[in-house]
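**Student:** quick one: sequence plus predicted model below, questions after.
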Amino acid sequence: MEVAESDESLLVRLRAGDESAFLALVTRYQASMVRVARSFVPNEAVAEEVAQDTWIGVVRGVDRFEGRSSFKTWLFRILVNRARTAGVREHRHDTFDPTEPAVSPDRFDATGAWAEPVTPWESDADDRLVAATWGPSLRAALDGLPERQRDVVLLRDVEGLSSEDVCAVLGISEGNQRVLLHRGRSRLRTVLESELATRGR
Amino acid sequence: MMLALRRRDELVCRQVVELVNDYLEGALSRRDRRRFERHLRACPNCTAYLEQMRVTVAATGLLTPEDLTPEATAEFTRLFRSWTDADGGGGGGGVDGTVPPA
């Protein structure tokens, strides 16, 4: 299996004006960038413009990138800064119930204990197998999350940013980040659980 | 299990699932972490739940980016060439500030 070239190595090539390095970075981040930008701007077209503007900033600013943060943190910070200037949404319909339980209440008995046993999942399954089997439903579930939850899960769990970096990029508090992450991850778990149940394994 | 539940101090499963993420994030107070771990030792269901959450996080981390469409690749190639040509030795626009003129 081929090993993906690191961002740092692609940046070295990008500084030298290498087009294929640029395209490799775009391929790696464009979809996530448009998704995150979409939470700040009125529509998909503006989100794509914001992502494109961000790439101009990257190409023109790459010499000034000093590597004090990771490339992707730098990238998403530029993106969110630009998204904020590009368009304030008239109305955020991203209200989620902060008391929404992680697990449906009917799964518990009157004492608060599990009503039915929880089935362990095989966690030692081959990574590529997991990715191939669950990838499509996970992706759909992620896209279906309320926007702020999706942004946090996307940056933390898909892109692998630290919680500090996610807070800095999105301009949210540590506590808020944890709540959004908790809700988002809990929903994804529920989706995988029902996926496994329907497959009857 | 039922005996443990009678102690006011003990967590019940319905509470544990709300603490799982803070546990994974290392954000529980020392006292809550102890209560959480004490519950897990006695509860195979919550242990399985915690493991499911770990698998969920790991599986999310395995999501790979979709490939660019051929149209998008062509468009970004064109843009890259126009930006790098136009940029000459000028140094270009701000990184954090305003959008440079097209």
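**Tutor:** Nice, I can see it. Model, not experiment: these values are computed from the prediction.

**Student:** hmm, stretch B:36-55 in reach of chain A?
**Tutor:** Yes. Counting by Cβ under 8 Å from any Cβ of the partner chain, contacts between stretch B:36-55 and chain A involve B:44-46, B:48-49, B:51-55. Every residue, glycine included, has its C-beta placed from N, CA and C.

**Student:** please enumerate the helices of chain A.
**Tutor:** A:7-15, A:19-38, A:44-61, A:71-86, A:127-143, A:147-153, A:163-170, A:174-199 (DSSP state H).

**Student:** among the ones you listed, which is nearest A:Gly112?
**Tutor:** Smallest distance to A:Gly112 across the helices of chain A (Cβ to Cβ): 16.8 Å, for helix A:174-199.

**Student:** of the residues of stretch B:36-55 next to chain A, which belong to helices?
**Tutor:** Per DSSP H, the residues of stretch B:36-55 next to chain A map to helices at B:44-46, B:48-49, B:51-55.

**Student:** pull out the buried members of these.
**Tutor:** Among those, the ones that count as buried by 16 or more other Cβ atoms under 10 Å in any protein chain shown are B:45-46, B:48-49, B:52-53, B:55.

**Student:** can you list those residues in TSV and add pLDDT?
**Tutor:** Shown next, in TSV, are these (pLDDT from 0 to 100):
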residue	pLDDT
B:Asn45	97
B:Cys46	98
B:Ala48	96
B:Tyr49	97
B:Gln52	93
B:Met53	95
B:Val55	90
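
**Student:** per-residue pLDDT of A:Thr95, please?
**Tutor:** Looking at A:Thr95, its pLDDT reads 61.

**Student:** nearest to A:Ala47, of the buried ones among the ones in helices among the residues of stretch B:36-55 next to chain A?
**Tutor:** Once Cβ to Cβ is applied, the member of these that ends up nearest A:Ala47 is B:Met53, at 30.2 Å.

**Student:** might one say that the closest one is in contact with B:Val20?
**Tutor:** Yes. Counting by Cβ atoms under 8 Å, B:Met53 does reach B:Val20; the two are 5.3 Å apart.

**Student:** so for the helix or strand of chain A with the lowest mean pLDDT, what gets flagged as buried?
**Tutor:** Lowest by mean pLDDT, DSSP states H and E among the helices and strands of chain A is helix A:127-143, with a mean of 83. By neighbour count on 16+ other Cβ under 10 Å, the buried set for helix A:127-143 is A:130-131, A:133-135, A:137-139, A:141-142.

**Student:** return the most buried member of the helices of chain A.
**Tutor:** Ranked by mean neighbour count, these are led by helix A:147-153 with a mean of 24 (mean count of other Cβ atoms under 10 Å in any protein chain shown).

**Student:** what's it packed up against?
**Tutor:** Secondary-structure packing of helix A:147-153 (3 or more Cβ pairs under 8 Å, 6 or more residues apart in numbering or on different chains; DSSP states H and E): helix A:19-38, helix A:127-143, helix A:163-170, helix A:174-199.

**Student:** and the least confident helix or strand of chain A, what does it pack against?
**Tutor:** Under the contact definition 3+ Cβ pairs under 8 Å, 6+ apart, helix A:127-143 sits against helix A:147-153, helix A:174-199, helix B:44-61.

**Student:** could those go into TSV alongside distance to A:Phe76?
**Tutor:** Shown next, in TSV, are those (distance: least, Cβ to Cβ, whole Å):
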stretch	distance to A:Phe76
helix A:147-153	9
helix A:174-199	14
helix B:44-61	17
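
**Student:** can you tell me which of the ones you listed is nearest to A:Pro101?
**Tutor:** helix A:174-199 (8.3 Å).

**Student:** what domains does the record give for chain A?
**Tutor:** With domains defined by automatic domain parsing, chain A comprises A:7-86, A:105-199.

**Student:** considering those domains, which stretch scores lowest in mean pLDDT?
**Tutor:** When I compare these, domain A:105-199 is least confident, with a mean of 90.

**Student:** list the residues that contact the residue nearest to A:Val191 when sequence neighbours are not counted.
**Tutor:** Among residues not flanking A:Val191 along the chain, A:Ala141 sits closest, at 4.0 Å (Cβ to Cβ, 6 or more residues apart in numbering or on different chains). Neighbouring residues of A:Ala141 by Cβ atoms under 8 Å, 6 or more residues apart in numbering or on different chains: A:187-188, A:191-192.

**Student:** of all those residues, which comes closest to B:Ala59?
**Tutor:** Among the contacts of A:Ala141, and counting by Cβ to Cβ, the member closest to B:Ala59 is A:Leu192, at 6.9 Å.

**Student:** the closest one contacts B:Ala58, doesn't it?
**Tutor:** No. With contact defined as Cβ under 8 Å, A:Leu192 does not reach B:Ala58; the gap is 11.0 Å.
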